[in-house]
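# What would the 3D arrangement of this be:
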Amino acid sequence: MSKRNARCRDSGKKPQKRAAASRQQELRRCRKFQRLYVETDGVTARLRRGSVPMEREEEQRKGDVYREVKVGAVFVAARGPHRSALVPGVLVDAADEQVYVARRCCAEEFGPFLYHRACQQGLASAKQVVVLGDGAPWIWNLAEQHFPGAVQIVDVWHARQPVWEVAHAVFGRASPEATGWRENGVPASGTGTHSRPDHCHRGSATHSSTCRSNAQYPRARPWLFHLQCCTHGLPHLPRDICMHIGSGIAEAACKTVVSTRAKCTGMRWTPTGLAAILALRIAVLNGSYDDFWLHRHHLILNH
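Sure, this is the predicted structure:
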């Protein structure tokens with residue numbers, strides 16, 4: 001078969017693939033499912049000096065500057081193959097097909113993009129929505145604005161640190177009391193593949209009565225404040241709901257979407273160039289590459 005005929009055959013398949021993907025997306029929006037996860041995080045990218053407004057500290061030092069790119073991953077919870085280590089007989093959620101969104105912008109501007117991606121994945125059909133993050137305030141503000149009523153879970157690795165620091169400040173570093181208090185609040189496993197522990201949910205209390213009089217423990221005070229910020233707001237959930245407790249998918253999305261393509265050795269960007277490459281990268285990862293160019297081919301023809 002000649003190359004021309006092969007190209008014609010491939011070009012004829014593209015509309016069929018787009019139609020099949022569109023039908024699948026429509027079915028996903030219509031069918032009811034148990035749980036939709038929204039995970040988000042941030043990663044810095046290197047920008048050319050002078051291409052963006054700089055802080056005073058940046059003006060005083062040489063070299064390029066770094067700005068945060070916000071990345072989101074949205075996926076439907078599927079029935080996982082692994083059983084919970086905390087609740088016998090309960091299967092842990094597994095991630096279905098993931099879609100991504102990435103923008104170099106403030107949280108207020110990023111929220112609508114993340115919400116739109118969640119809507120494409122069937123937000124209206126989800127019986128429950130879970131927002132999982134590392135405890136940064138902008139994540140919870142975004143969740144309350146665009147996903148009201150969603151379960152908000154602090155990543156287990158980020159929740160561990162303040163619990164450990166409070167235990168060390170109150171009971172002494174490496175003391176049996178500190179270890180015992182910590183193990184009551186943080187599970188031994190932090191893989192994110194077990195039933196949600198009490199301390200990770202933002203609405204649960206993690207402090208013991210010993211620590212509430214924190215005036216006696218000045219070293220514990222900043223960590224208690226951090227812990228209170230992470231655990232304030234929502235009612236407690238039963239332990240037999242096997243949700244993800246680790247934001248590993250969001251962190252992997254930062255690497256897959258941004259670092260792999262835009263943070264290789266020697267790479268630096270202008271804001272326009274970074275926005276363009278992120279949009280192209282997202283189109284490839286989300287399987288919407290053909291649709292991406294369908295609405296932009298005129299830009300190439302007129303160039």
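# buried set for stretch 88-102?
92-95, 98-102 (16 or more other C-beta atoms under 10 Å). Just so you know, the C-beta spots here come from the backbone N, C-alpha and C atoms, and that holds for glycine as well.
# Dump it to CSV, keeping only the CA atoms.
Provided in CSV are the C-alpha atoms of stretch 88-102 (Å, rounded to 0.1, in the frame of the first residue of the first chain):
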residue,chain,number,x,y,z
PRO,A,88,-11.2,-6.0,56.7
GLY,A,89,-13.3,-6.9,53.7
VAL,A,90,-13.4,-3.4,52.2
LEU,A,91,-11.9,-2.7,48.8
VAL,A,92,-9.9,0.4,48.3
ASP,A,93,-10.7,2.9,45.5
ALA,A,94,-8.7,2.6,42.3
ALA,A,95,-8.2,5.5,39.8
ASP,A,96,-10.0,5.1,36.5
GLU,A,97,-8.8,7.1,33.5
GLN,A,98,-7.3,10.4,34.5
VAL,A,99,-7.6,13.7,32.8
TYR,A,100,-5.4,16.8,33.5
VAL,A,101,-5.5,20.5,33.6
ALA,A,102,-2.5,22.9,34.1
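# Measure how buried Arg83 is and give me the count.
Arg83 has 16 neighbours, counted by other C-beta atoms under 10 Å.
# Tell me who's in contact with it.
Contact analysis of Arg83 by C-beta atoms under 8 Å, 6 or more residues apart in numbering lists 89-92.
# how is the chain carved up into domains?
32-155+240-290, 158-230 (automatic domain parsing).
# Give me the pLDDT for His244.
What the model reports as pLDDT for His244 is 76.
# hang on, it in a strand?
No. Per DSSP: H, G, I helix; E, B strand; the rest coil, His244 lies outside any strand segment and is coil.
# low pLDDT regions in the stretch 151-300 of the chain?
181-241, 297-300 (pLDDT under 70).
# May I have stretch 106-115 exported as CSV, CA atoms only?
Output of stretch 106-115 as CSV, limited to C-alpha atoms (Å, rounded to 0.1, in the frame of the first residue of the first chain):
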residue,chain,number,x,y,z
CYS,A,106,-3.6,32.4,40.4
ALA,A,107,-5.9,30.1,42.3
GLU,A,108,-9.0,32.2,41.4
GLU,A,109,-8.3,31.8,37.7
PHE,A,110,-7.3,28.2,38.0
GLY,A,111,-10.6,27.2,39.7
PRO,A,112,-12.9,27.5,36.7
PHE,A,113,-10.5,25.4,34.5
LEU,A,114,-10.5,22.6,37.1
TYR,A,115,-14.2,22.8,37.5
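# What lies in contact with that stretch?
The contact list for stretch 106-115, computed with C-beta under 8 Å, 6+ apart, reads 38, 40, 70, 72, 74, 101, 103, 123, 138-139, 141-142, 145-147.
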